[in-house]
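**Student:** No sequence on hand, only this structure:
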């Protein structure tokens with residue numbers, strides 16, 4: 001009698017443990033920046049972005065001469081992206097061609113590839129003031145788009161209004177991780193200067209801030225993988241979902257029962 005009672009206790013305990021582990025996410029797997037303490041550290045300078053072919057640039061010119069402003073507005077090309085759900089649509093801007101150049105009214109061809117937006121702005125201003133001494137120029141990236149997919153609340157492509165965006169800010173725009181996100185292995189896919197890179201970031205570790213990929217670049221794709229727990233929580237019916245749990249339990253029960261009957 002005692003053996004049968006002990007057998008029931010063992011089986012119930014094993015079953016409860018197995019079912020509790022299916023589809024559940026541990027608290028430690030949901031935490032970010034673990035081990036963070038009260039401290040102050042120097043902030044690394046964001047990487048300097050340089051213009052490359054196929055970039056879309058917003059170039060705005062201000063002058064007392066309305067013809068100057070009108071000329072730049074009429075010469076803009078429609079190619080690029082806007083924000084939110086329309087991030088793959090069209091937007092006005094100057095496209096950097098395959099040779100790395102843009103073509104502007106009055107001054108013609110300007111080589112842009114490899115330069116920062118500040119360097120390009122200074123060069124355009126220097127050439128334009130020969131025609132319009134009061135002209136002022138503003139240059140910005142028009143196609144700084146990042147795409148977040150996988151286990152985030154709002155997967156989408158997002159247009160960034162400035163030139164600096166880190167991975168935490170990007171995840172915040174996408175509504176943060178879902179409960180089933182693998183936070184210690186966030187994949188960054190980057191295409192810049194004719195190269196494609198794949199890098200994984202651990203958002204649970206404070207060394208994240210030291211990574212050269214902490215700041216994102218234009219056209220980066222961020223993929224957040226699901227935890228194994230999501231498979232148990234979403235895949236198939238009850239039997240197919242937990243068959244890999246029940247079969248070992250049945251084998252264990254048969255083994256224990258055989259021993260108890262000897």
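**Tutor:** Nice, thanks for sending it over. Quick caveat, the model's predicted, so the values are computed rather than measured.
**Student:** Pull the residues that contact stretch 161-181.
**Tutor:** Stretch 161-181 is contacted by residues 25, 30, 46, 49, 83, 117, 140-141, 144, 146, 148, 150-156, 158, 183, 186, 188, 201, 203, 208, 213-216, 222, 224-227, 229-230, 233 when judged by C-beta atoms under 8 Å, 6 or more residues apart in numbering. Glycine gets a C-beta too; all of them are placed from N, C-alpha and C.
**Student:** And it, what's buried?
**Tutor:** Residues 163, 165-167, 170-171, 173-174, 177-178, 180-181 are the ones in stretch 161-181 that count as buried (16 or more other C-beta atoms under 10 Å).
**Student:** and if you look at stretch 93-100?
**Tutor:** Across stretch 93-100, burial judged by 16+ other C-beta under 10 Å covers 93-96, 100.
**Student:** One more: stretch 204-213?
**Tutor:** Residues 204-206, 208, 211, 213 are the ones in stretch 204-213 that count as buried (16+ other C-beta under 10 Å).
**Student:** So which of those is the closest to residue 107?
**Tutor:** Residue 107 lies nearest to residue 213 out of the buried residues of stretch 204-213, by C-beta to C-beta, at 36.9 Å.
**Student:** what residues are up against that closest one?
**Tutor:** Contacts for residue 213 (C-beta under 8 Å, 6+ apart) come out as 167, 188, 190, 199, 201.
**Student:** Now it: which helix or strand?
**Tutor:** Residue 213 belongs to no helix or strand when assigned by DSSP states H and E.
**Student:** and what of residue 120?
**Tutor:** Element membership of residue 120 [criterion: DSSP H and E] is helix 117-128.
**Student:** how much does the helix or strand just after that helix deviate in direction from helix 117-128?
**Tutor:** Next along the chain after helix 117-128, taking DSSP H and E as the criterion, comes strand 136-141. For strand 136-141 against helix 117-128, the angle by axes from the mean of the first three to the mean of the last three C-alpha atoms, to 10 degrees is 150 degrees.
**Student:** For the following helix or strand past strand 136-141, name the packing helices and strands.
**Tutor:** Downstream of strand 136-141, the first helix or strand assigned by DSSP H and E is strand 145-150. Contacts defined by 3 or more C-beta pairs under 8 Å, 6 or more residues apart in numbering; DSSP states H and E place strand 145-150 against strand 156-159, helix 167-173, strand 221-226.
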